[in-house]
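*Asks:* got a predicted structure here, sequence first:
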Amino acid sequence: MSLGAPVLRFAPSPNGRLHLGHAYSALLNADLAARMGGVCRLRIEDIDPQRSKPALIDAIFADLAWLGLHYPEPVRRQSDHMGDYRAARDDLIDRRLAYPCFCSRGQIRALAEAGKATACDPDGAPLYPGTCRSLDPARVAENLARGEPHTWRLDMTAALRCTGPDQGYVAFDATGAQRIAADPARWGDAVIARRDVPTSYHLAVVHDDAAEGISHVVRGRDLEAASDLHVLLQKLLGLPTPHYRHHPLLLDAGGEKLAKSRGSQSLADLREAGVTPRRIRMQLGFV
Ligand code: GLU
């Protein structure tokens, strides 16, 4: 844990317009930072070259400013730091904690359907059965030399051997803090670097939280299970583990989490409909 003033962050991905769920997370982070005498930084998580659009980044700035939220400069953009993520990935590769995986999503699904991978990870994807973990090194070298598309996966067994089995973090809320046991193994051999970029969400977020000196991570419950993996990556990379708080998600009338893809109104829609930032703050409990 870093000494000094708390540093929080709001870290949206620019792959859609912000909705009320984002507003809640952004306002909660800002509110907690103010109460704790700290700061809240903004980070643009734009590692996905297909889905991240410059216009959506501009829209994030505009929506947050409209809500009355202002952030210290510079705002970190993950796409500016691919070299750092590559170095972290290569460190894990050099230590034999990560291996290249040449399986396509379709192949993994087919293996799952054939009954070879019965368990699922916390996101509901079939756990990777480890097909490429024990590939013949000559074949791996050949595939890599040929430029065969591949992800890089964490060797979970080797990683846990390296860190030891005890994983955990401090979770905090309004009532206090408590130690939570983490179970990164439920992610299996998680992808730490995608085919198209030298990182995954997990590796980039862990790297950046440390690079920005984030002391308290406050994000939605949909990422609670991911924190187990993040704690493991922090240990492997020698990074500090922040304190975590996973807030409830805002649900729509049908009980589903808000998402643009499900037709949830964006902040821009609400603004156009004449809703004021004050009303949004009141609705979300921040006035
Ligand atoms: N970029 C992620 C999202 O928009 C949030 C990541 C995080 O807070 O760790 O869902």
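*Replies:* Looks like it arrived, so ask away.

*Asks:* which residues of this structure score low on pLDDT?
*Replies:* Per-residue confidence for the chain (pLDDT under 70) gives these ranges: 1-3, 116-118.

*Asks:* do a quick rundown of the strands in it.
*Replies:* Using DSSP state E, the strands found in the chain span residues 7-10, 39-44, 76-77, 98-101, 151-154, 168-173, 176-181, 191-193, 216-220, 243-247.

*Asks:* to the ligand, which of the ones you listed lies closest?
*Replies:* strand 216-220 (3.7 Å; CB to the nearest ligand atom). Using the backbone N, CA and C atoms, a C-beta is placed for each residue, glycine as well.

*Asks:* so what's the backbone phi/psi at the residue nearest to residue 50 when sequence neighbours are not counted?
*Replies:* Once flanking residues are discounted, residue 50 sits nearest to residue 196: 7.8 Å by CB to CB, 6 or more residues apart in numbering. Per-residue torsions, residue 196: phi -90, psi -20 (degrees, to the nearest 10).

*Asks:* return the residues of the protein in contact with the ligand.
*Replies:* Residues of the chain lying close to the ligand (CB under 6 Å from any ligand atom) are 11-13, 45, 205, 219, 223.

*Asks:* between these, which has the most around it?
*Replies:* Counting neighbours by other CB atoms under 10 Å, residue 205 leads the residues of the chain next to the ligand with 26 neighbours.

*Asks:* may I see the buried residues of stretch 153-166?
*Replies:* 153-156, 158-160, 163 (16 or more other CB atoms under 10 Å).

*Asks:* now do residue 49: how many residues are near it, please.
*Replies:* 11.

*Asks:* let me see the contact set for it.
*Replies:* 79, 196-197 (CB atoms under 8 Å, 6 or more residues apart in numbering).

*Asks:* tell me how far residue 246 lies from residue 171.
*Replies:* 7 Å (CB to CB, to the nearest Å).

*Asks:* for residue 249, same thing?
*Replies:* On the measure of CB to CB, residue 249 and residue 171 end up 17 Å apart.

*Asks:* next: residue 188.
*Replies:* Applying CB to CB, the value for residue 188 to residue 171 is 23 Å.

*Asks:* any chance of the strands of the chain in CSV, with distance to residue 258 too?
*Replies:* Listed next are those as CSV, based on distance: least, CB to CB, whole Å:
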stretch, distance to residue 258
strand 7-10, 16
strand 39-44, 20
strand 76-77, 24
strand 98-101, 33
strand 151-154, 29
strand 168-173, 22
strand 176-181, 26
strand 191-193, 26
strand 216-220, 10
strand 243-247, 13
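
*Asks:* ok, which of those strands comes nearest residue 52?
*Replies:* Residue 52 lies closest to strand 39-44 among the strands of the chain, at 8.1 Å (CB to CB).

*Asks:* could I get the buried residue list for that closest one?
*Replies:* For strand 39-44, by 16+ other CB under 10 Å, it's 39-44.

*Asks:* residues in contact with that strand: which ones?
*Replies:* Residues outside strand 39-44 that contact it (CB under 8 Å, 6+ apart): 5-14, 29-30, 32-33, 57, 60, 64, 71-72, 75-79, 208, 212, 214.

*Asks:* which of these fall in helices?
*Replies:* 29-30, 32-33, 57, 60, 64, 208 (DSSP state H).

*Asks:* of these, closest to residue 136?
*Replies:* Nearest to residue 136 among these, with distances taken as CB to CB, is residue 208, at 35.9 Å.
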